[in-house]
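Asks: Next input, structure requested:
(4 chains)
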There are 4 protein chains.
Amino acid sequence: MRKVGIVGASGYTGGELLRLLVDHPEVEIKIATSRENAGEPVFRVHPQLRKKTDLKFVEPDLEKVAAECEFVFLALPHGSSAPAAKRLLEAGVRVIDLSADFRLKKEDYPKWYGWEHPFPELLDLAVYGLPEFHREEIKGAKLVANPGCIATASILSVAPAIKTGAVEKNRVVVDAKIGSSGAGTSVSIASHHPEHSGLVRPYKPSMHRHTAEIEQELAPLAGGEVKVALTPHAVDMVRGIMATGHSFLNRQVTNQELWKIYREMYQSEPFVRIVKDLRGLHMLPDPKNVVGSNFCDVGFEIDPHTNRMITFGAIDNLIKGAAGQAIQNFNIMIGVDERTGIEHAGVRPI
Amino acid sequence: MRKVGIVGASGYTGGELLRLLVDHPEVEIKIATSRENAGEPVFRVHPQLRKKTDLKFVEPDLEKVAAECEFVFLALPHGSSAPAAKRLLEAGVRVIDLSADFRLKKEDYPKWYGWEHPFPELLDLAVYGLPEFHREEIKGAKLVANPGCIATASILSVAPAIKTGAVEKNRVVVDAKIGSSGAGTSVSIASHHPEHSGLVRPYKPSMHRHTAEIEQELAPLAGGEVKVALTPHAVDMVRGIMATGHSFLNRQVTNQELWKIYREMYQSEPFVRIVKDLRGLHMLPDPKNVVGSNFCDVGFEIDPHTNRMITFGAIDNLIKGAAGQAIQNFNIMIGVDERTGIEHAGVRPI
Amino acid sequence: MRKVGIVGASGYTGGELLRLLVDHPEVEIKIATSRENAGEPVFRVHPQLRKKTDLKFVEPDLEKVAAECEFVFLALPHGSSAPAAKRLLEAGVRVIDLSADFRLKKEDYPKWYGWEHPFPELLDLAVYGLPEFHREEIKGAKLVANPGCIATASILSVAPAIKTGAVEKNRVVVDAKIGSSGAGTSVSIASHHPEHSGLVRPYKPSMHRHTAEIEQELAPLAGGEVKVALTPHAVDMVRGIMATGHSFLNRQVTNQELWKIYREMYQSEPFVRIVKDLRGLHMLPDPKNVVGSNFCDVGFEIDPHTNRMITFGAIDNLIKGAAGQAIQNFNIMIGVDERTGIEHAGVRPI
Amino acid sequence: MRKVGIVGASGYTGGELLRLLVDHPEVEIKIATSRENAGEPVFRVHPQLRKKTDLKFVEPDLEKVAAECEFVFLALPHGSSAPAAKRLLEAGVRVIDLSADFRLKKEDYPKWYGWEHPFPELLDLAVYGLPEFHREEIKGAKLVANPGCIATASILSVAPAIKTGAVEKNRVVVDAKIGSSGAGTSVSIASHHPEHSGLVRPYKPSMHRHTAEIEQELAPLAGGEVKVALTPHAVDMVRGIMATGHSFLNRQVTNQELWKIYREMYQSEPFVRIVKDLRGLHMLPDPKNVVGSNFCDVGFEIDPHTNRMITFGAIDNLIKGAAGQAIQNFNIMIGVDERTGIEHAGVRPI
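Replies: I've put the predicted structure just below:
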């Protein structure tokens, strides 16, 4: 049993970490912090956990966390994570950080986040925690930077297109549709139910920060720079991300060629499913079909009219896009079956 | 490992049985039948099961089912279940029937369902599968009649009120709010998305069939007849039932008295949670907080203005109201921990 | 053309007042106030009004309002309305107040709202603005207290039951289902989209303040006190209220008798529709069918099992429950056809 | 008063035509046909029209329609409209056809619809009923082909991009998000509420038929062929279409240049609104803000990262995408103010 702490456990990602780790056979949750809810049972904030755990939130005291935990999941806002990670790493704790603070290279932070990274030396330590791309490095990592939710869906779905070597790399459109839980528990008029029901609202339609991660991870596959044109939209769902990619081809590609690439990349991946069926309602990915699971469903279609490859990537933003992928990384770090504790099928219909 | 069959596996209840049984440590699924989808992989109909199982639907051949299975879950329409159960029971199979065909007494079928029961002798064999009320009888049962979804939420939530001995037994109002998945996979204009979004539509506001089950199960607690005034409404959610009870009191009762009754009835129940909190957003049950789980959340409030006891019962209609409760019954029948395979917390927010 | 002001025009009720009054043939909107948005075009807050009006919000200066307007709609929070109304009335302005500040009798405020009314003399002036009940008094009123939204749906739907003289008056259950817009534009975790999707959450299940209005208006019909057991629930819709009434009968009543009462009360009412159809999807009221309109749909069903009369009342909470009814009152006050400017059918499906 | 008929009046488009025409000051509805509902009051199918009209559906007898009506709105399935239009035109009736049967050129039907047009001579008569593009031709038209819903949102939103002369014309991506009402009243598992809640499901992601209309209308602006890469997705809303365009620029364009084009094209258009605000929640189009109205909101953003112009077009698919635009065309045909009867602001929030 690994001694595990969750720092920032009262948000939605924290709730999912708690839900999944409470039943994880290799984990003993030692600490779940929440400044605002210290002293309260976690089920007061996360009512789904009533009768599942009597754990209480405690104040975020990093010395105590370091003293009691071997592994810590940091579910803190961007910018707050970096100093916390630093202290924990110095104490020998292995850290899985769910913020953006360690995902990029030093020079990307001023451009995409508007600040200089305070601890650039830690960036060399950090591994981008997308197991499908960095499994080997994750095994021994001290610091894993868990990918962004839109980034996860985008990278995994667009990667096969890039692999063809046939797409125009400077104009890969990713038109994303995102659920409301992605914005976390902070309330605002934007997430007010009357304003968020039945909407299709563009959200940072250009220069969205996840662009940086996506381009960073696709570039090696492309053998050079990839330019991603990312435009997310809030739609009326709580969980889920759909990344629809539109890539233009500079030669003809066939379904057979694409199937071959998809199979090579994903057939043995425990959490990526190729969805391209010829009949039924579920011929292509839909976030509805992965809600409650750690799966990323990917699929594609060729559009002969514009010689375009359309790609689809669907995830549950709080699981494969956050807590589930963090635990997948944790499983790799401790050397158990990657599916441990996160093997659930989606709950459907929902 | 028990050899288990699911007859009628292509509906939503069938999908949940498959989802839960695929990961159940004591179960080997031998057969999942679907006339319409025979030959297809189950994941074509239940896309959440892709990469979870390669099982295929087969034709519903009861001889084959009986030959291969020790336990069978029948997820068939009302009326179709009875003859199937009969054949399976004759072959020595233990049956958990999710239809209404064995829930009531002989004389109730003409009144509430409009037909004479074809095999009244089997009704003597059947145990009403509400573990909180009939755990001991379920252990050795050959035939378990899994309760209706509205009935489960109603019985468990109203029972403590009845236990007080203080409610007017001939006018227990249950105003229920139900999700769309309760109607199954059959399409109709009533469940057409444009017609079912944002609605509050009364559904059989009087003489709803579940009334019979509720009254049957509450009567013993009341020491006499109980009359339930049940009125369900379709609301805009996929999963979930909220049973709001309005019971009038013929004397004053206190919160302390009620807490005592609730604790005696439910404190040691693995799947009933008493939700009556003094602060936070989740002071009373809400189906949203149980979606994806087998929990039934119950709570209450006293209204001094009308000397009324308001009761609340919230379940996931497809789990505690169907597949989950069926597996809970199965666990009791095979003598393992009742929570085996259905211990999940709800997936929240969703 | 009447010179009209809207004080508190940036909320949802203010938005609906603006939308409806902009096209009202008898109205010139002189002023729309909003402290927070003063100087902004109203379409920045109410984007549906772009290209419909160039009006800008101004600071709430009551002297200016009084100087420019003959009629003022007050869409202020409870408690803030009373002093504003006082000043406007003193200046000879006729006031339609959408808050609760003038709906009740003096002695009800301490009990239901927890404060002494600051201007009890104005309560004698105020007319409860439910046209179906007080049309004659509204005509000459200086101060109209526009009814609460749940109250409107409850009173209009339960009144025919009371009229029978056959219901037990001390236990009229009203189980209400309410949309999220009823809580206005103030954000909170309760209205946060991830928390408010697919929910059924009890909201002040006993002692809800609208109880006082409902009892006040039903008492005269009953020839004595009526006790209403009101329990609202938030459900997943933006607009709409469904008030489901459960009234117990002390004698048999027939459908014919009830139809007669309904027809007498509502047949000539321009905004009340009796919905009790024998076939189709729309046999009883559903708020979905009135969204966007000023209609209140009422209907009923007799439950022979518990000798209960079930009543249904459905409105759009922002129209018949607020802005539309306010304009209906205004039309009566100025002596034009009651339907002027609010005659729209509901927008359906939505 | 013009004598008007609606052929195919029981669907959602028919319902909207009825709702809008019932209050249209220049219209007398003579006939509303529905084979399935002949003899029923229209409010049985369209419950929002109760107390608005006592009209009944009649059998679709075209001779009778021709005898009684000067103008006919055809709201029939694709393929059924052409022969009906032919008969009515022969009788001298002016026809506004809401199907696709007259929108394209002869040679496009085999390619996009899979059939030879039965009456190609009528295609010469037909005017594509997008008033913003063809107002003059519509005035005298005998046969107006009302545009498709996705086409309307796409053409109006992408046109300004084309007008720049700076976009790569062979790869204009339109990623559309569509509401469930667009599929009409025909029930299917695809529109079953449990399957259609919270989804993001690609729908004909390549070779969607509306592509043909969009390209046809954009080509003249481009001075040559335009290739549109259209991919619609069903999302969880009842009404609304959002067409997000991604156009790549072959030179730098500025916001000023674009504003100038937008203003020239749309400033004086009664039903197109340019939405590009610098603050607030509503900085760009969102179908939520046009529901219930005939407006098309268009907006744009420049993405310097990929030198892309992002365009947005939002409509209510049943109004500007169908019934409202048909009435706009009708108004032009009869020479009244184009806004007559369809001037409503959107109903918001909803």
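Asks: buried residues in stretch A:103-112?
Replies: Under the neighbour-count criterion of 16 or more other C-beta atoms under 10 Å in any protein chain shown, stretch A:103-112 has A:103-104, A:108-109, A:112 buried. Every C-beta, even on glycine, is put in place using the N, C-alpha and C of the backbone.
Asks: Next, the distance between the ends of it.
Replies: Terminal residues of stretch A:103-112 lie 12 Å apart, using C-alpha to C-alpha, to the nearest Å.
Asks: Ok, stretch A:167-176 next?
Replies: One end of stretch A:167-176 sits 19 Å from the other (C-alpha to C-alpha).
Asks: and that stretch, does that touch chain D?
Replies: Yes: residues of stretch A:167-176 are located near chain D by C-beta under 8 Å from any C-beta of the partner chain, namely A:170-171, A:173, A:175.
Asks: got it, and stretch A:255-268?
Replies: No: counting by C-beta under 8 Å from any C-beta, no contacts exist between stretch A:255-268 and chain D, the nearest distance being 12.3 Å.
Asks: any idea of the mean pLDDT for that stretch?
Replies: Along stretch A:255-268, the predicted confidence averages to a pLDDT of 98.
Asks: Look at the spatially closest residue to residue A:224 that is not a sequence neighbour and report its pLDDT.
Replies: With sequence-adjacent residues excluded and distances taken as C-beta to C-beta, 6 or more residues apart in numbering or on different chains, residue A:224 is closest to residue A:169, at 6.8 Å. In the prediction, the pLDDT value recorded for residue A:169 is 97.
Asks: can you tell me how far residue A:169 sits from residue C:117?
Replies: According to C-beta to C-beta, to the nearest Å, residue A:169 and residue C:117 sit 71 Å apart.
Asks: With neighbour numbers in mind, choose between these two.
Replies: residue A:169 (23 against 19; other C-beta atoms under 10 Å in any protein chain shown).
Asks: for that one, what are its contacts?
Replies: By C-beta atoms under 8 Å, 6 or more residues apart in numbering or on different chains, residue A:169 lies in contact with A:162, A:222, A:224-227.
Asks: Tell me the one of those residues nearest chain D?
Replies: Proximity to chain D was ranked across the contacts of residue A:169 by C-beta to the nearest C-beta; first place goes to residue A:227, at 5.1 Å.
Asks: any idea how far that closest one is from residue A:167?
Replies: Going from residue A:227 to residue A:167 by C-beta to C-beta gives 11 Å.
Asks: Settle it for me: which of these two has more neighbours?
Replies: residue A:167 (26 against 17).
Asks: how many neighbours does the closest residue to that one other than its chain neighbours have?
Replies: Spatially, and ignoring its direct neighbours in sequence, residue A:167 is nearest to residue A:247 (4.0 Å; C-beta to C-beta, 6+ apart). By the criterion of other C-beta under 10 Å, residue A:247 has 23 neighbours.
Asks: so where does residue A:247 fall, helix or strand?
Replies: Assigned by DSSP states H and E, residue A:247 belongs to strand A:241-248.
Asks: tell me what that strand is packed against?
Replies: When contacts are defined as 3 or more C-beta pairs under 8 Å, 6 or more residues apart in numbering or on different chains; DSSP states H and E, strand A:241-248 sits against helix A:149-163, strand A:172-178, strand A:308-315, strand D:172-178, strand D:228-235.
Asks: In CSV, list the ones you listed along with mean neighbour count, mean pLDDT and distance to residue C:66.
Replies: Supplementary listing: those in CSV, determined by neighbours: other C-beta atoms under 10 Å in any protein chain shown; pLDDT from 0 to 100; distance: least, C-beta to C-beta, whole Å:
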stretch, mean neighbour count, mean pLDDT, distance to residue C:66
helix A:149-163, 28, 98, 53
strand A:172-178, 27, 98, 48
strand A:308-315, 28, 98, 58
strand D:172-178, 27, 98, 48
strand D:228-235, 25, 98, 48
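Asks: Out of those, flag the one nearest residue C:215.
Replies: For residue C:215, the closest of the helices and strands packed on strand A:241-248 is strand D:228-235, at 43.9 Å, according to C-beta to C-beta.
Asks: CA atoms only: put the closest one into CSV for me.
Replies: As requested, the backbone C-alpha atoms of strand D:228-235 are provided in CSV (Å, rounded to 0.1, in the frame of the first residue of the first chain):
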residue,chain,number,x,y,z
VAL,D,228,-16.5,23.7,-48.0
ALA,D,229,-15.5,21.1,-45.5
LEU,D,230,-18.7,20.7,-43.5
THR,D,231,-18.9,18.5,-40.4
PRO,D,232,-22.0,18.8,-38.2
HIS,D,233,-22.3,17.5,-34.7
ALA,D,234,-25.5,16.9,-32.7
VAL,D,235,-25.2,18.6,-29.3
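Asks: Against which helices or strands is that strand packed?
Replies: strand A:241-248, helix D:149-163, strand D:172-178, strand D:200-202, helix D:210-222.
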